[in-house]
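Colleague: Generate coordinates for the sequence data below:
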Amino acid sequence: MLASPWFAALVALFVWWFSTGAILWLVNRKVTYPGPLVLGAPMLAFGIMGYGAALTDASVAGAYLGFLAALALWGWIELAFLAGRITGPNRAPCPPGVSEGTRFSKAWATIAHHELLLAGVLAVLIFWSEGADNRVGLWTFGVLFLARISAKLNLFLGVPRFHAEFLPPALSHLPSYFKRARMNALFPISMVLL
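Modeller: I've put the predicted structure just below:
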């Protein structure tokens, strides 16, 4: 049953949506810093240890472990971002009427530390998994990384709807950098590739 691609897809969807909901619930509880990061520390520890253990396990169970470990690493970084701890140097809303170039540079400054951390962790995972028997964790983190970049670029370029109400108070300035539009040129390409 574990080897079934349908079962694996269901597990991936459930774990992804459940963990996303749990992280959003935690950061919206108004637990003060460093509360969310401390509460998420076991998730970070599991991610690091699980990723290392999964690299030498080419079994189906090892693939699940690699997936869950990468998701735990990703989840802790997202928790730190959504708690407003690892974002960027700019925490101000976008000034009205700025040029697209200025809006882009200011938008980048709102998330720069988070994006650099994700890229750094991806680089470490690539290096760590060199010659490994099981690279499911690496592929999981890599897909999440590319999907995240795609989502952020699409929000910047313009999408018909976005749910800013899910953002915690620490990130209430972010929607000022989003653009509402029927469609942008990247959106259909992103959807096909994802």
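
Colleague: Nearest spatial neighbour of Phe178, chain-adjacent residues omitted?
Modeller: Distances taken as Cβ to Cβ, 6 or more residues apart in numbering put Leu155 closest to Phe178, at 4.7 Å, once the chain neighbours are dropped. Backbone N, C-alpha and C define where each C-beta goes, glycine included.

Colleague: What's the local residue count around the one you found?
Modeller: Residues near Leu155, counting by other Cβ atoms under 10 Å, number 19.

Colleague: swap in His114?
Modeller: 20.

Colleague: thinking again about what came up before, you'd agree the residue nearest to Phe178 is up against Ala181?
Modeller: No. If you go by Cβ atoms under 8 Å, Leu155 and Ala181 don't touch, sitting 10.4 Å apart.

Colleague: for this protein, what's the longest helix?
Modeller: helix 100-128 (DSSP state H).

Colleague: That helix: what's the following helix or strand?
Modeller: Counting by DSSP states H and E, the next helix or strand C-terminal to helix 100-128 is helix 136-157.

Colleague: Next, the angle helix 100-128 makes with that next one.
Modeller: Interaxial angle, helix 136-157 versus helix 100-128 (axes from the mean of the first three to the mean of the last three Cα atoms, to 10 degrees): 180 degrees.

Colleague: and whichever helix or strand Ala53 is part of, what does it pack onto?
Modeller: Secondary structure assigned from DSSP H and E places Ala53 in helix 41-54. Judged by 3 or more Cβ pairs under 8 Å, 6 or more residues apart in numbering; DSSP states H and E, helix 41-54 is in contact with helix 60-82, helix 100-128, helix 136-157.

Colleague: Now that helix: buried residues?
Modeller: For helix 41-54, burial by neighbour count (16 or more other Cβ atoms under 10 Å) applies to 43-44, 46-47, 50-51, 54.

Colleague: right, so of the helices and strands packed on helix 41-54, which gets closest to Pro5?
Modeller: helix 60-82 (11.1 Å; Cβ to Cβ).

Colleague: Just want the angle from the closest one to helix 41-54.
Modeller: With the same axes, to 10 degrees applied, the angle from helix 60-82 to helix 41-54 works out at 150 degrees.

Colleague: elements contacting helix 60-82?
Modeller: Packed next to helix 60-82, using 3+ Cβ pairs under 8 Å, 6+ apart, are helix 5-27, helix 35-39, helix 41-54, helix 100-128, helix 136-157.
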